[in-house]
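Asker: could you work out the structure for the sequence below:
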Amino acid sequence: MTKRYTALIIPARISEPVRVETIETDQRTLQGLVGGDLERVSRGNWHVYLNAEGVITQLPANLRAAQLMNDCGLDLAGVARGTAVILGHGGHGEDADVPEHLIRLAEEFFDTRLIA
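Answerer: Now for the predicted structure:
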C-alpha cells in the first residue's frame, strides 16, 4: 500500500505556481514530479527530492527552491534544477508530511497562501 503525504512542490519555471499537494511518495510518482532519477538531500526534519541529473541535462535552475533551502541552511544553488519536492522525515528514513514551518516560510517568500 502506497502512503500519501503532504508535499511542498516548487517548479523551476516561475510561471508555474508553488503548491502544497497530497501525493503518493512511491519512486514512480516522485520521479514523475522531478522528471527523472531521484536525488534526496536531507536537512533537519525535512528533505528535498531533485532530479539527480538536473545539472548534466541542463534543466532550468530552480531559483525559488534554492533560495528557500538557503534560508533553511542548505546551499543547493548549483544543483537545484527542475522541480523540487520537499517532504518531512518519518521513522526509519521514510517520508512524512512537509513540516508546517517550511510551508509558512514558502508563503512568506512567495507572497501567496499555500493550501493542501
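Asker: what residues sit buried inside the lengthiest helix in the chain?
Answerer: If each helix of the chain is counted by residues according to DSSP state H, the longest one is helix 100-110. For helix 100-110, the buried set under the neighbour-count rule, 16 or more other C-beta atoms under 10 Å, comprises 102-103, 106. C-beta: built from backbone N, CA, C; applies to glycine.
Asker: which residue packs closest to residue 94, ignoring adjacent ones?
Answerer: Spatial nearest neighbour of residue 94, excluding adjacent residues (C-beta to C-beta, 6 or more residues apart in numbering): residue 3 at 7.7 Å.
Asker: what about that neighbour, how many neighbours?
Answerer: Using other C-beta atoms under 10 Å, residue 3 has 12 neighbouring residues.
Asker: got it, and residue 98?
Answerer: By other C-beta under 10 Å, the residues close to residue 98 number 26.
Asker: tell me what the residue nearest the centre of the chain is bridged to.
Answerer: The C-alpha lying nearest the average C-alpha coordinate of the chain belongs to residue 85 (C-alpha atoms, centre = their mean; 2.2 Å). Beta-bridge partners for residue 85, by DSSP bridges, are residue 9, residue 49.
Asker: just the one 4 residues further on next, same as before
Answerer: Under DSSP bridges, the beta-bridge partners of residue 89 are residue 95.
Asker: distance check, it against residue 69.
Answerer: To residue 69, residue 89 is 15 Å away according to C-beta to C-beta, to the nearest Å.
Asker: have a look at those two and say which one is more surrounded.
Answerer: residue 69 (24 against 16).
Asker: what sits against that one?
Answerer: Going by C-beta atoms under 8 Å, 6 or more residues apart in numbering, residue 69 touches 43, 48, 75-76, 80, 84.
Asker: let's see it at 7 Å
Answerer: Residue 69 sits next to 48, 76, 80 when contact means C-beta atoms under 7 Å, 6 or more residues apart in numbering.
Asker: before we move on, back to that, relative to residue 15, which of the buried residues of helix 100-110 is nearest.
Answerer: Closest approach between these and residue 15, by C-beta to C-beta: residue 106, at 17.2 Å.
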